[in-house]
Structures are given as structure tokens and as C-alpha cells.
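Asks: Here is my input, please return the structure:
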Amino acid sequence: MPQTRPAQSAGRARWLTAAWRRCSYRSPAPANVTCTWQQLDLPPASQATVRDLWARALLGNFTGLVTLVVEPTAAAFLRVSLLPAP
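Replies: Presented below is the predicted three-dimensional model:
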């Protein structure tokens with residue numbers, strides 16, 4: 001089983017799974033949620049492709065972090081895949 005560690009963000013729990021490079025979050029109210037590469041033990045300045053696993057949607061390429069809105073009673077489950085260095 002991969003190691004997970006809790007993090008706090010404005011009083012809301014966020015669970016990070018570095019082994020699979022996923023960041024998931026649950027919120028009781030709409031919230032802007034930021035997941036940084038550093039929280040996932042990835043190089044902070046690297047580029048990565050981010051995919052919303054539950055929506056089966058590609059969110060795009062991001063550098064260092066991704067921010068999204070999580071609606072009440074919804075959840076975000078993302079896969080972050082590093083892109084090769086140029």
C-alpha cells in the first residue's frame with residue numbers, strides 16, 4: 001500500500017499520495033484548491049500533465065502547481081504526470 005500523508009489547507013484536509021503522484025481533496029464548501037508539485041515530492045519547477053481521473057478529462061500542462069475549484073460535496077482526484085525535460 002502506498003504511503004499517504006495528510007496536509008492542511010485553510011482548515012480542510014487534503015490527502016497526498018506521492019507514490020502515484022495524485023492529489024485528492026474533499027471540501028464542505030466551494031474552494032479554490034492548489035496542489036503543488038513540492039507537496040507531491042516532485043521538482044517544483046517541472047512541467048506536468050494533469051488529468052482529472054473521475055471526470056476522465058485532461059486538464060492540461062502545468063508548471064509547479066495546479067489550482068481548481070472543488071464544489072461542495074464534490075471531490076477532485078487528479079493524476080500528475082511529469083513531462084520530459086526539454
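
Asks: Stretch 56-72: which residues count as buried?
Replies: Neighbour counts using 16 or more other Cβ atoms under 10 Å place 59, 62, 65-66, 68, 70 of stretch 56-72 among the buried residues. Quick note: C-beta positions are derived from backbone N, CA and C, even for glycine.

Asks: Among those, which pair sits farthest apart?
Replies: Using Cβ to Cβ, the pair of these lying farthest apart is Phe62 and Val70, separated by 16.5 Å.

Asks: Parallel or antiparallel, list what pairs with the helix or strand hosting Val80.
Replies: Per DSSP states H and E, Val80 falls inside strand 75-82. Taking DSSP bridges as the criterion, strand 75-82 forms sheet pairs with strand 22-26 (antiparallel), strand 47-52 (antiparallel).

Asks: so where's this structure shaky on pLDDT?
Replies: 1-27 (pLDDT under 70).

Asks: Just the strands from it, written as ranges.
Replies: 5-9, 12-17, 22-26, 31-36, 47-52, 57-63, 65-70, 75-82 (DSSP state E).

Asks: Just list whatever residues bridge to Asn32.
Replies: Val69.

Asks: could you list every residue that touches Leu83?
Replies: 46-49, 61 (Cβ atoms under 8 Å, 6 or more residues apart in numbering).

Asks: try 7 Å
Replies: 47-49, 61 (Cβ atoms under 7 Å, 6 or more residues apart in numbering).

Asks: now Leu59
Replies: Leu59 touches 50-52, 66, counting by Cβ under 7 Å, 6+ apart.

Asks: now it: how far from Pro28?
Replies: Taking Cβ to Cβ, to the nearest Å as the measure, Leu59 falls 23 Å from Pro28.

Asks: Then Leu53?
Replies: From Leu53 to Pro28 the distance is 22 Å (Cβ to Cβ).

Asks: what does Val70 give?
Replies: As judged by Cβ to Cβ, Val70 and Pro28 stand 10 Å apart.

Asks: For stretch 73-81, which residues meet the burial criterion?
Replies: Quick answer for stretch 73-81 (16+ other Cβ under 10 Å): 76, 78-80.
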